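*Asks:* quick one, what's the 3D model for this:
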Amino acid sequence: MTTKPRIAITIGDAAGIGPEVTLKALGDPKLSNSAEIIVVGDAAHLGSVASRFGLEPLPAWISIDDLKNLPPSFSYGADSAVTGKAAAENIVRAVELWKAGKIDAIVTAPISKNAIKLGGYDFPGHTEFLAHLTDTNEFAMSFFADALRVILMSTHLPLTDAIGFVTAERVAALIRFGDREIHRLLRKRPRLAVAGINPHASEGGRFGTEERALITPAIEECRRSGIDVSGPFPADTVFFNAMRGRFDAVIAMYHDQATIPVKTVAFDRAVNVTLGLPVIRTSVDHGTAYDIAGKGLASAGNMIAAVELAIDLAQRSRL
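*Replies:* So this is what the prediction gives:
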């Protein structure tokens, strides 16, 4: 029986940088023989990308689940039904591999929401698609950036709507969810911090009421149930303290409150982790980058980090 983690990597939208960063990442010596890796996608296209950019083909220790689902040629940098359908099919196959017990984790290269819709798969993104495929009802977006881990209360909402989305019930539910899921991934009881909404976390009500009325009651409720959670903390310091090891994860009240610190400190290393799925799923923290697709300019830093984290979390899951 193998002792290495088994990882499936989907190559993303072929009109974007997904296949390029996949090849570049798997050519990095840091990943050499660190896991059993299956790349899910079109083998002929991967070979074409390697040839086009002078990249090494996939090493012999890496398998390819060749779906043969792309035509010989198509346009880079544009949404299309053919590349969207192929990207979606790759995701479906990766989940099938997990359901069959053949892999421990899935790493995804970026897809285009518009392209998969053109291809017949109408989901807002990877997260909702994977939740559908795994029959998952409770899930949340998080980002891991070395010691900084952040869980998002909401994702793509206008800021005024995001503030209105915060309720005591939702904060308490996310704290309980975060405690459970971070514990499941890290295999230890996490120390959670909750960020405030207002400057200085409202400084006792001087700059707003959300902390006192909504966030503090939720924290106190969860603490009474035994969860190690504290706050609300000013958002301009809590992420720094988490990076220094004081907390294992921070619960952020809206999208950019989470992503600005993450991308500032770890733009090329941040990893998107979907919490709540029954399978470990990590992803690059960037999109298809159509503007540089087909030019050989893409950095594989995020993909390397996503694969490394998937391997680490898969190893922890066996403890």
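*Asks:* in contact with T108, which residues?
*Replies:* 9-10, 12, 91, 94, 126, 281-284, 306 (C-beta atoms under 8 Å, 6 or more residues apart in numbering). Using the backbone N, CA and C atoms, a C-beta is placed for each residue, glycine as well.
*Asks:* now do R223
*Replies:* For R223, the contacting residues are 229-230, by C-beta under 8 Å, 6+ apart.
*Asks:* so what's the predicted local confidence for it?
*Replies:* For R223, the pLDDT comes out at 97.
*Asks:* that one: what secondary structure?
*Replies:* helix (DSSP: H, G, I helix; E, B strand; the rest coil).
*Asks:* adjust the sequence numbering to begin at 23 for everything that follows.
*Replies:* Shifting the count to begin at 23 puts that one at R245.
*Asks:* roughly how far apart are it and P212?
*Replies:* R245 is 14 Å from P212, where distance means C-beta to C-beta, to the nearest Å.
*Asks:* thinking again about what came up before, of the contacts of T130, which is the nearest to P79?
*Replies:* Nearest to P79 out of the contacts of T130 is I31 (C-beta to C-beta; 14.9 Å).
*Asks:* and the closest one, its phi and psi?
*Replies:* Dihedral angles of I31 (phi, psi; degrees, to the nearest 10) stand at phi -120, psi 120.
*Asks:* ok, it touching L119?
*Replies:* No - the criterion here is C-beta atoms under 8 Å, and I31 misses it with L119 at 11.0 Å.
*Asks:* the two: which is more packed in?
*Replies:* I31 (29 against 18; other C-beta atoms under 10 Å).
*Asks:* show me what contacts the more buried one?
*Replies:* Going by C-beta under 8 Å, 6+ apart, I31 touches 44, 48, 59-62, 128-131, 329.
*Asks:* give me the number of residues near I241?
*Replies:* The burial count for I241: 24, using other C-beta under 10 Å.
*Asks:* gap between it and D201?
*Replies:* Using C-beta to C-beta, we find I241 at a distance of 12 Å from D201.
*Asks:* find the residues that touch each one of the two.
*Replies:* Counting by C-beta under 8 Å, 6+ apart, the residues touching both I241 and D201 are V251.
*Asks:* ok so, going back, can I get the contacts of T130 in CSV with distance to G230 and pLDDT?
*Replies:* Shown next, in CSV, are the contacts of T130 (distance: C-beta to C-beta, whole Å; pLDDT from 0 to 100):
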residue, distance to G230, pLDDT
I31, 44, 98
T32, 42, 98
G34, 40, 96
I113, 41, 97
A116, 43, 98
H148, 34, 88
R303, 35, 97
T304, 35, 97
S305, 34, 95
V306, 35, 92
A328, 36, 96
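*Asks:* take those residues and keep only those in helices.
*Replies:* Judged by DSSP state H, helices contain the following of the contacts of T130: 113, 116, 148, 328.
*Asks:* quick revisit: give me the buried entries from the contacts of T130.
*Replies:* 31-32, 34, 113, 116, 148, 303-306, 328 (16 or more other C-beta atoms under 10 Å).
*Asks:* now, which of those sits nearest A322?
*Replies:* Using C-beta to C-beta, V306 comes nearest to A322 of these, at 9.0 Å.
*Asks:* identify the bridge partners of the closest one.
*Replies:* Taking DSSP bridges as the rule, V306 bridges to V293.
*Asks:* can you pull the contacts of it?
*Replies:* Neighbouring residues of V306 by C-beta under 8 Å, 6+ apart: 43, 130-132, 293-294, 324-325, 328.
*Asks:* return a PyMOL selection command for the buried portion of these.
*Replies:* Selection of the buried residues among those in PyMOL, burial being defined by 16+ other C-beta under 10 Å:
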select buried, resi 43+130+131+132+293+294+324+325+328
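*Asks:* quick one: the helices in the chain?
*Replies:* Here the chain has its helices, by DSSP H, at 40-48, 65-75, 103-121, 135-140, 148-155, 181-187, 190-208, 232, 238-246, 257-265, 277-288, 323-339.
*Asks:* the fourth one packs against which elements?
*Replies:* So the one you mean is helix 135-140. On a contact count with 3 or more C-beta pairs under 8 Å, 6 or more residues apart in numbering; DSSP states H and E, helix 135-140 meets helix 103-121.
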